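*Asks:* show me the folded form of this:
(3 chains)
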Amino acid sequence: MGAFLASNFMHNIFGGLAQGVIYSLVALSLVIIWQSTHVLNFAQGAMAMFATYVGLTEIGRGVGYWWCVIISVVVGMAFGGITERVLIRPLYGKPEINPIVVMVGFLGVIEAVTAGIWTSTTRNIPAPFSQIYYQYRGRLILLSPFVIFQIALAIGIMLFVAALFRYTKLGLQLRAAALAPEVARLLGVRVHRMLTIGWMLSAGVGAVAAVIIASGNFGLFPTDMDGVFVAGFIAAAVGGLESPMGAIAGGLLLGLVEQFILAYWSPSVAPLSGVILLVVALMVRPQGIFTRSVNRRV
Amino acid sequence: MIRVEKLSVNYGAIKALSDVSFNATPGLITAVLGANGAGKTTLLRTISGLVTPRSGNVFLDDRSLLKTAAEDIARMGVGHVPEGRGVIAEMTVDENLRLGALASKINIAEGLEAQYQQFPVLGDRRKQYASTLSGGERQMLAMSRALIAQPKVLLLDEPSLGLAPLVTSELMKSIRSLCESKQLTVILVEQNAKSALKIAHDAVVLHLGTVVASGPANEVAANDNLRRYYLGLVQ
Amino acid sequence: MNFLKSLRVQETTRARLLSVSVLTIVALAISFLLPPVADSQMAGGAAITIVILGLSWLIGWSGQISLGNSGFMAVGAYAAGIWAHHHATTPLIFTFLLATVAGALSGLIIAIPSTRLRGPYLAGMTLAFSAAITPLAQNFTSVTGGEGGLFLNSLSTPSWFVHFFSGPNATIDANAQWTADLAVLVAGISFFLMANLFHSRTGRAMRLVRDNDVAAELVGINLGRTRTLAFVVAASFAGLGGALYTVINATVTPQTFPLTLSITLLTLMVLGGIGTLSGAVIGGIIYAFSANLVDHINALTGVNPTSNLGANMQGIIFGALLILTMIFAPRGIAGMGAAVQRLRKTRRSALASSSAVD
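*Replies:* Residues are numbered from 1 along each chain as shown, chains lettered A, B, ... in the order given. Down below sits the predicted model:
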């Protein structure tokens, strides 16, 4: 068992999963927004990064790790809600290019403002658990208490979101507002409020992903979330953009594909793994691998 | 009760409704009849706040609804079963009904139980997705979803659309009995004038956005000109 | 009848050629009056104009959103750089053609899976492409020179041109002048080609595909091929612009094509006016003098340009401009110009009719 866990194959599995859960979180956050408002939020990564930088500042003031996580998530949620109200609401019903362009502009503003306030340097949060890998008879197992925490936290958040959507009154209303806004209004659902809450929820999930990245050895750089956003988008698109479960599965798949291309093919090609996966996925099933067949919106 | 006063609605340059007035008497069924494009659906959508009128007013128990949002009108006790039923196919029967219950302060578990007693078929399928239901069952679900919130007023938009004649007549009978047992005020929009007139107390006939006749249902049903020119009922 | 039609087409083409030539000559004349620093800026602006022309065609005329044009630029820039690195003596025009073809090929590769995608999917896919370009350039060190890039002394100003200049900075001055004139010339040619493309059968087909793909299919337009063509054209223009970049800087590095460049391109295009020829030129001019603009705003607001905030001012201003333009004036500067013209016309006709009533 121990020897198996320390094998090369399992190295890649663990590495892929650790990265994949982050992609899954970002993909999930994108899908939440996409389902309700049909906006692909290009600033999602940057918003999460900003929220985490605020949390980081607090840690500099002597706040503990968990407070930092909570502050980041709360700031992220507030940020998400305000963004929906101020930037997105005026664009409902406009051509789909308009919200894309606006969010791309917002991405630029957030990154520049963050670099302006906190300087373009990498920052990290001291990890709450040891980052030293376990060993089996002198051979490394690519798991550390921190990596286990990272995976567990991500899964916990996903389960929380799933339960919220499936079992609560709020979730019922969120789904109704996304699936059939007009019918929802006729049943007394405050649809506008639901859209704002959807954005808040999504930004909160995104912030968790950014906090996890910042907690590792590598830390967080103002433009770091660009790549994570792209990966999250690819994961969501592979999953079909409409399906939260698809997004999560897509994220894990992308993490693993990246890791295996890195290990067995060529590190030089690794940056392309997302594009390769997306192209393959779109050729196999253009409507997304994990969606039940959905009519294309015209 | 619902009172509509000189209601006019425009879609761009097109007049959908002009100067429409009528009362829906409490506890009775008012049928709104007319051909395709007469403005029937627009009328219901304006009453429930989805469409803003150009002029005129809508009152619920002498309170103007003009400045009230659709979701608040729903919470004030106006149930609206839209054209095409508006059942959310991606949700289960149970979830659809729970959603309906949110507009009121009733106990959800009791409300659900009451609905499942009233419509046993829905009780049997409570865990199924609404997409798996037949047309008649969907109409039942849509009605049930509106009724669970115990509305004072029920707006029904073409409930018979796409249903077999036998199912339609069952449906109409159940609408009548619901109205009587719950003292519901019903506004029933129908293209199928024959079935609607059988159960309605009053009737309003719309043509190209204006009221051409209104009065007790039996009088409207007896008027040969109305039958021939506006209701498509030629003997 | 047909003969008349073809005559008219020729006439408008000739008119276009004339006006573009006049514009190019004016720009060249201006370049001789400007100081060397401004000449370098002009060169950059001309190169960017070419890229925006392609982007404007893709987004404005074919309705396909791309965030990958910085990637296509990088392909062209590296194609030019790598070729010039190994074959120093080939004429410049050959390098440009090669880069254009390389850009077109990369566009084709991206277009084949992408033309089945709409809106946000497409934007995300192209973004993924341009995000992958920089690490690829960094990784394939043997070909691209890796992190440090390639230095291309072979691309320096021809000696016959330097002879016209004198003084202690003769080489630098000559270089600024040479690159500015070269870029303006290439931009002028590109503008002429794009103007014709806009008004060609293909251009009309493209707009029909954008507005009503069902109707387009009914009149026998192949949707996939048309959309792919739009990508290929946009990417070839981006490749040419990228090659100019390489020639202007006499170097090509991965850092020249960050993801933010795609945002900048999008901003400039939206600001100038989506789908307009003049908008592309306006965008290029704004790009050329954006540094001055940012300095000016820093001075106005009292932000220290060497501070953190000052260093990031450009990103903030560009992003904010993009948001504000999209919300309040989605047709951009060129669109506003057209709106003002229309307003004037209607006012004139209103005046005429009111006087008639009097």
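
*Asks:* for the chain, give me the ranges with low pLDDT.
*Replies:* All of this is about chain A. With pLDDT under 70 as the threshold, chain A has low-confidence stretches at A:217, A:285-298.

*Asks:* chain B is the one I meant
*Replies:* By pLDDT under 70, the weakly predicted segments of chain B are B:234-235.

*Asks:* can you pull the contacts of residue 189?
*Replies:* I went with chain A, as the question did not name one. A:Val189 makes contact with A:Gln173, A:Ala176, A:Ala177, B:Glu71, B:Leu99, B:Leu102, according to C-beta atoms under 8 Å, 6 or more residues apart in numbering or on different chains. Using the backbone N, CA and C atoms, a C-beta is placed for each residue, glycine as well.

*Asks:* any idea which of those residues is closest to C:Gly68?
*Replies:* For those, the residue nearest C:Gly68 by C-beta to C-beta is A:Ala177; the value is 33.2 Å.

*Asks:* related to what we said a few turns ago, narrow the contacts of A:Val189 to those in helices?
*Replies:* A:Gln173, A:Ala176, A:Ala177, B:Glu71, B:Leu99 (DSSP state H).

*Asks:* which two of those have the greatest separation?
*Replies:* Pairwise distances across the ones in helices among the contacts of A:Val189 (C-beta to C-beta) peak at 12.4 Å, for the pair B:Glu71 and B:Leu99.

*Asks:* the two - which one has more neighbours?
*Replies:* Set side by side, B:Glu71 and B:Leu99 show more neighbours around B:Leu99, with 25 against 20, by other C-beta atoms under 10 Å in any protein chain shown.

*Asks:* so that one makes contact with A:Gly188?
*Replies:* No. If you go by C-beta atoms under 8 Å, B:Leu99 and A:Gly188 don't touch, sitting 9.0 Å apart.

*Asks:* so which residues on the stretch 51-200 of chain C come close to chain A?
*Replies:* Within the stretch 51-200 of chain C, the positions near chain A by C-beta under 8 Å from any C-beta of the partner chain are C:59, C:65, C:67, C:113, C:116-117, C:119-121, C:123-125, C:127-129, C:131-132, C:135-136, C:139-140.

*Asks:* which among the residues you listed end up buried?
*Replies:* Buried members of those, counted by 16 or more other C-beta atoms under 10 Å in any protein chain shown: C:59, C:65, C:67, C:113, C:117, C:119-121, C:123-125, C:127-129, C:131-132, C:135-136, C:139.

*Asks:* neighbours around the nearest residue to C:Thr251 once chain neighbours are set aside, how many?
*Replies:* Leaving out its chain neighbours, the residue that sits closest to C:Thr251 by C-beta to C-beta, 6 or more residues apart in numbering or on different chains is C:Phe151, at 5.0 Å. Here the number of neighbours of C:Phe151 (other C-beta under 10 Å) works out to 15.

*Asks:* for the residue in the stretch 101-250 of chain C that chain B sits nearest to, give me its contacts.
*Replies:* For the stretch 101-250 of chain C and chain B, the shortest gap (C-beta to the nearest C-beta) falls at C:Asp211, measuring 19.9 Å. Residues in contact with C:Asp211 (C-beta under 8 Å, 6+ apart) are C:Gly63.

*Asks:* and it, what pLDDT?
*Replies:* In this model, C:Asp211 is scored at 86, pLDDT.

*Asks:* ok, now how distant is it from chain A?
*Replies:* According to C-beta to the nearest C-beta, to the nearest Å, C:Asp211 stands 11 Å off from chain A.

*Asks:* go through the ones in helices among the contacts of A:Val189 and name the one nearest A:Ala48.
*Replies:* The nearest member of those to A:Ala48, counting by C-beta to C-beta, is A:Ala177 at 23.2 Å.

*Asks:* the closest one touches A:Thr196, doesn't it?
*Replies:* No. In this structure, A:Ala177 is not within contact of A:Thr196 by C-beta under 8 Å, at 10.3 Å.

*Asks:* more neighbours, those two?
*Replies:* Set side by side, A:Ala177 and A:Thr196 show more neighbours around A:Ala177, with 24 against 21, by other C-beta under 10 Å.

*Asks:* enumerate every residue touching the closest residue to that one other than its chain neighbours.
*Replies:* Leaving aside its chain neighbours, A:Ala177 sits nearest to A:Met194 (3.7 Å; criterion: C-beta to C-beta, 6+ apart). When contacts are counted by C-beta under 8 Å, 6+ apart, A:Met194 touches A:Ser36, A:Gln173, A:Leu174, A:Ala176, A:Ala177, A:Ala178, A:Ala184.

*Asks:* check which helix or strand covers A:Met194.
*Replies:* Applying DSSP states H and E as the criterion places A:Met194 in helix A:191-215.

*Asks:* next secondary structure element downstream of that helix?
*Replies:* Moving toward the C-terminus from helix A:191-215, the next helix or strand (DSSP H and E) is helix A:224-239.

*Asks:* and whichever helix or strand comes after that following helix with helix A:224-239, angle?
*Replies:* Later in the chain than helix A:224-239, the nearest helix or strand by DSSP H and E is helix A:244-264. Interaxial angle, helix A:244-264 versus helix A:224-239 (axes from the mean of the first three to the mean of the last three C-alpha atoms, to 10 degrees): 110 degrees.

*Asks:* list the buried residues in the helix or strand that helix A:244-264 is followed by.
*Replies:* Using DSSP H and E, the next helix or strand after helix A:244-264 towards the C-terminus is helix A:273-284. With burial defined by 16+ other C-beta under 10 Å, the residues of helix A:273-284 counted as buried are A:Ser273, A:Gly274, A:Val275, A:Ile276, A:Leu277, A:Leu278, A:Val279, A:Ala281, A:Leu282.

*Asks:* turn the residues you listed into JSON lines, including distance to C:Asn169.
*Replies:* Listed next are those as JSON lines, based on distance: C-beta to C-beta, whole Å:
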{"residue": "A:Ser273", "distance to C:Asn169": "48"}
{"residue": "A:Gly274", "distance to C:Asn169": "47"}
{"residue": "A:Val275", "distance to C:Asn169": "45"}
{"residue": "A:Ile276", "distance to C:Asn169": "49"}
{"residue": "A:Leu277", "distance to C:Asn169": "52"}
{"residue": "A:Leu278", "distance to C:Asn169": "50"}
{"residue": "A:Val279", "distance to C:Asn169": "50"}
{"residue": "A:Ala281", "distance to C:Asn169": "56"}
{"residue": "A:Leu282", "distance to C:Asn169": "54"}
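
*Asks:* how about the residues you listed in TSV, adding distance to chain C?
*Replies:* Output for those, formatted as TSV (distance: C-beta to the nearest C-beta, whole Å):
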residue	distance to chain C
A:Ser273	9
A:Gly274	5
A:Val275	5
A:Ile276	9
A:Leu277	10
A:Leu278	6
A:Val279	5
A:Ala281	10
A:Leu282	5
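
*Asks:* OK, contacts around C:Leu240?
*Replies:* C:Ile50, C:Gly76, C:Phe96, C:Ala99, C:Thr100, C:Gly103, C:Val186, C:Ser190.

*Asks:* oh sorry, the question was meant for B:Asp157
*Replies:* Per C-beta under 8 Å, 6+ apart, neighbours of B:Asp157: B:Lys40, B:Thr41, B:Leu44, B:His80, B:Val81, B:Pro82, B:Glu83, B:Val189.

*Asks:* among the residues of the stretch 51-200 of chain C next to chain A, which are in helices?
*Replies:* Those of those lying in helices (DSSP H): C:113, C:119-121, C:123-125, C:127-129, C:131-132, C:135-136, C:139.

*Asks:* so who does C:Ile30 touch?
*Replies:* Contacts for C:Ile30 (C-beta under 8 Å, 6+ apart) come out as C:Met42.

*Asks:* actually B:Leu66, not the one I typed
*Replies:* If you count contacts by C-beta under 8 Å, 6+ apart, B:Leu66 has them with B:Thr52, B:Pro53, B:Asn57, B:Val58.

*Asks:* put the buried members of those into a ChimeraX selection.
*Replies:* In ChimeraX, a selection of the buried entries from the contacts of B:Leu66 looks like this (16+ other C-beta under 10 Å):
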select /B:53,58
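
*Asks:* greatest separation within the contacts of B:Leu66: which pair is it?
*Replies:* Put simply, by C-beta to C-beta the two of those set farthest apart are B:Thr52 and B:Asn57, 11.8 Å from each other.
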